[in-house]
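J.: This is a predicted model, with the sequence first.
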Amino acid sequence: QKEVEQNSGPLSVPEGAIASLNCTYSDRGSQSFFWYRQYSGKSPELIMSIYSNGDKEDGRFTAQLNKASQYVSLLIRDSQPSDSATYLCAVNPGGGNKLTFGTGTQLKVEL
Amino acid sequence: DGGITQSPKYLFRKEGQNVTLSCEQNLNHDAMYWYRQDPGQGLRLIYYSQIVNDFQKGDIAEGYSVSREKKESFPLTVTSAQKNPTAFYLCASSSTGTVNEKLFFGSGTQLSVL
């Protein structure tokens, strides 16, 4: 079992719709969770971090964490073509100083 | 402007050759990291350093070496022992030495084998 799992996609959504990206993790001791966005050929950039159960909203982005079910999700409201990218879920397992990344989900927002 | 500079952008390695990827940051960050990204895979940690003159192996350190002689610099050497070096290499830093802080990434180096 991979430590951090994501559906590779592509996930296609129409412009203006809500995109829902999911991530599951295996280490129950994980404390910190992150979503990075990576455009093709570019480096990742942090868009959301979440540390406690529940929802965290930042503009059009909402991160959701459920530690009991070991999943974290990212919702993007009013999706725009500029949101088309690969979204990487990253988890800090066991509170150490390493991040474990998922393989990423490719999102395509279509006009 | 503050940031992380990686060079070169593209690098080609001949069989049996060692090559060094440069990573310099002017963010005054304590921690620096090297990740490798293969197509269809997530980032995998090669080495990281939380303070000068100290570094730790990541998940895939075999065939790689690093040094941290200055706070600003964290070069990565891909040795001839790394048999499958073709990948996109990313350097990152964080301010206080913990990954719970935001990671700032460089623009990456694409390494290919001739």
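T.: Structure received. Please read these numbers as outputs of a predicted model, since none were measured by experiment.

J.: For B:K102, give me its contacts.
T.: A:L46, A:S49, B:S94, B:S95 (CB atoms under 8 Å, 6 or more residues apart in numbering or on different chains). The way it works is simple: take the backbone N, C-alpha and C, and place the C-beta from them, glycine included.

J.: The third one: neighbouring residues, count only.
T.: In other words, B:S94. 22 (other CB atoms under 10 Å in any protein chain shown).

J.: Scan the contacts of B:K102 and report the most crowded one.
T.: Neighbour max across those (other CB under 10 Å) = B:S94, 22 neighbours.

J.: Pretty sure it sits against B:A31.
T.: Yes. Using CB atoms under 8 Å, B:S94 makes contact with B:A31 at a distance of 4.7 Å.

J.: Let me see the confidence value for the residue most central in space within chain B.
T.: Central residue of chain B (CA atoms, centre = their mean): B:W34, 2.9 Å from the mean position. For B:W34, the pLDDT comes out at 97.

J.: what do you get for B:D1?
T.: 62.

J.: What of A:S8?
T.: pLDDT, read off for A:S8, is 87.

J.: show me what contacts it?
T.: A:T103, A:G104, A:T105, A:Q106, B:G40.

J.: gap between the fourth one and A:E3?
T.: Looking back up the chat, that one is A:Q106. Distance from A:Q106 to A:E3, counting by CB to CB, to the nearest Å: 20 Å.

J.: of the two, who's got more company?
T.: Neighbour count, other CB under 10 Å: between A:Q106 and A:E3, A:Q106 has more, with 20 against 16.

J.: so B:F74 touches B:D54, yeah?
T.: No. If you go by CB under 8 Å, B:F74 and B:D54 don't touch, sitting 11.4 Å apart.

J.: any common contacting residues for those two?
T.: Joint contacts of B:F74 and B:D54 (CB under 8 Å, 6+ apart) are B:R68.

J.: Give me the more crowded residue out of the two.
T.: Just comparing B:F74 and B:D54: by other CB under 10 Å the higher neighbour count belongs to B:F74, 28 against 9.

J.: Can you name the residues of chain A sitting close to chain B?
T.: A:4, A:8, A:31-32, A:36, A:42-46, A:49, A:51, A:88, A:90, A:92, A:97-104 (CB under 8 Å from any CB of the partner chain).

J.: and if we set it to 7 Å?
T.: A:8, A:32, A:43-44, A:46, A:88, A:92, A:97-99, A:101-104 (CB under 7 Å from any CB of the partner chain).

J.: Buried ones from these, can you make that a ChimeraX selection?
T.: Buried subset of the residues of chain A next to chain B, written as a ChimeraX selection, criterion 16 or more other CB atoms under 10 Å in any protein chain shown:
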select /A:32,43,44,46,88,92,97,98,99,101,102,103,104
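
J.: Which pair in the residues of chain A next to chain B has the greatest spatial separation?
T.: A:S8 and A:N97 (27.3 Å; CB to CB).

J.: what stretches of the chain score poorly on pLDDT?
T.: You didn't pick a chain, so chain A it is. A:1-2, A:94-97 (pLDDT under 70).

J.: meant chain B actually
T.: B:1, B:97-100.

J.: For the chain, just list every one of the strands.
T.: The chain I'm using is chain A. A:4-5, A:11-14, A:19-25, A:32-38, A:45-50, A:54-58, A:61-66, A:71-76, A:85-92, A:100-101, A:105-110 (DSSP state E).

J.: switch to chain B, that's the one I care about
T.: Under DSSP E, chain B gives strands at B:4-7, B:10-13, B:19-25, B:31-37, B:43-51, B:54-57, B:64-66, B:76-78, B:87-94, B:104-105, B:109-113.
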